[in-house]
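Student: What follows is a predicted structure for the sequence shown.
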Amino acid sequence: MTEYGGGHHHEDADSPGGALEFIREFDSPGVFVLRDFHHFMNADPPVGLFVQRSMKDLARALQATGKHVVVVGNNY
């Protein structure tokens, strides 16, 4: 995961679950762009189901925190 403007990579964000947890625990407001994350959301069970549930939980947890998640991907 790269923080826009910061240009650094966080090792804990090398997995879908790690990336979502990084966003949840990040201590400042921000916009987090998950590029090509749709591949994880559409993956076969159990990975896809885990990521979908984690995204829903994260959306609830981020309300009123000033944190926003943008998922960017392509449909071929």
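Tutor: Happy to help now that I have it.
Student: tell me the phi and psi of the most centrally placed residue in the chain?
Tutor: Nearest to the mean C-alpha position of the chain, by Cα atoms, centre = their mean, lies Leu20 at 4.1 Å. Dihedral angles phi and psi of Leu20 (degrees, to the nearest 10) take the values phi -70, psi -40.
Student: can you offset everything so residue one is 445?
Tutor: Let's use 445 as the start, then, which means that last one is Leu464.
Student: Can you give me the distance of it to Val495?
Tutor: To Val495, Leu464 is 8 Å away according to Cβ to Cβ, to the nearest Å. All C-beta atoms are positioned from the backbone trio N, CA, C, and that covers glycine.
Student: what do you get for Asn518?
Tutor: Distance from Asn518 to Val495, by Cβ to Cβ: 18 Å.
Student: quick one, which of these two is more surrounded?
Tutor: Val495 (22 against 6; other Cβ atoms under 10 Å).
Student: Name the SS class of that one, please.
Tutor: With DSSP: H, G, I helix; E, B strand; the rest coil as the basis, Val495 sits in helix.
Student: Kindly give the local confidence score, pLDDT, for it.
Tutor: Here the pLDDT value assigned to Val495 is 97.
Student: same check, this time on His452
Tutor: 54.
Student: For Arg468, give me its contacts.
Tutor: With contact taken as Cβ atoms under 8 Å, 6 or more residues apart in numbering, Arg468 is in contact with Leu502, Ala505, Leu506.
Student: residue contacts, the second one?
Tutor: With contacts defined as Cβ under 8 Å, 6+ apart, Ala505 is in contact with Arg468.
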